[in-house]
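Q: what's the 3D shape of this:
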Amino acid sequence: MNSKEMAILAARSMDAKKGSKITVLKLEDLTVITDYFVVGTGNSRAQTQALADAVRDALEDAGFTISRVEGFQEGRWILLDFGAVIIHIFQEDERSFYNLERLWADAPQLPHDEVFPQGSADQDK
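A: All right, here's what the predicted structure looks like:
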């Protein structure tokens, strides 16, 4: 599984747990930090934690090792670092404030229908 497939798996894992506004940003041509950011939103601490658990479980089941987790206890902005893919799970206020899509505006977004070919639980993307 390459880093793009890994990012799509993370996005689909969030979608399965009713995450919203899920975006996959391709950074591999812009930085050496990571290949992809996956950004999603949860409505509460419990939901952001559930989203993080779902992503972590899916990627670890696929054979990947997480190198770092930040913000899980507070659940306002959870970061899961899998090296080639970094997952950001926000509550709405934090997502609006940090606005990673604006910060990384030069990064192309994977098309929604490529990430979710069967549609998604969040139709407001």
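
Q: for the longest helix along the chain, what is the distance to the chain centroid?
A: For the chain, the helix with the greatest residue count under DSSP state H is helix 45-61. Taking CA atoms, centre = their mean, to the nearest Å, one finds the center of helix 45-61 at 10 Å from the center of the full chain.

Q: what pLDDT does the residue nearest the centre of the chain get?
A: By CA atoms, centre = their mean, the chain has its centre lying nearest to residue 38, at 2.8 Å. If you check residue 38, the pLDDT there is 98.

Q: just the CA trace of the host helix or strand of it, in PDB.
A: When elements are assigned from DSSP states H and E, residue 38 belongs to strand 36-42. Taking Å, rounded to 0.1, in the frame of the first residue of the first chain, the C-alpha atoms of strand 36-42 are listed here in PDB:
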ATOM      1  CA  TYR A  36      -0.400  13.600   2.700                       C
ATOM      2  CA  PHE A  37      -2.500  15.300   5.300                       C
ATOM      3  CA  VAL A  38      -5.900  13.900   6.000                       C
ATOM      4  CA  VAL A  39      -8.100  16.500   7.700                       C
ATOM      5  CA  GLY A  40     -11.500  15.800   9.200                       C
ATOM      6  CA  THR A  41     -14.000  17.200  11.700                       C
ATOM      7  CA  GLY A  42     -15.900  15.700  14.600                       C
END
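
Q: secondary structure class for residue 22?
A: Three-state call for residue 22 (DSSP: H, G, I helix; E, B strand; the rest coil): strand.

Q: quick one on the thing from earlier: now do the strand holding residue 38: everything it contacts.
A: The contact list for strand 36-42, computed with CB atoms under 8 Å, 6 or more residues apart in numbering, reads 3-4, 6-7, 10-11, 14, 19-28, 48, 50-51, 55, 75, 84-92, 95, 100-101, 104, 107. To be clear about C-beta, it is placed using only N, CA and C from the backbone, and glycine gets the same treatment.

Q: work out the gap between that strand and the centre of the chain.
A: On CA atoms, centre = their mean, the centre of strand 36-42 falls 3 Å from that of its chain.

Q: wait, a strand at residue 72?
A: No: counting by three-state DSSP, residue 72 falls outside a strand, being coil.
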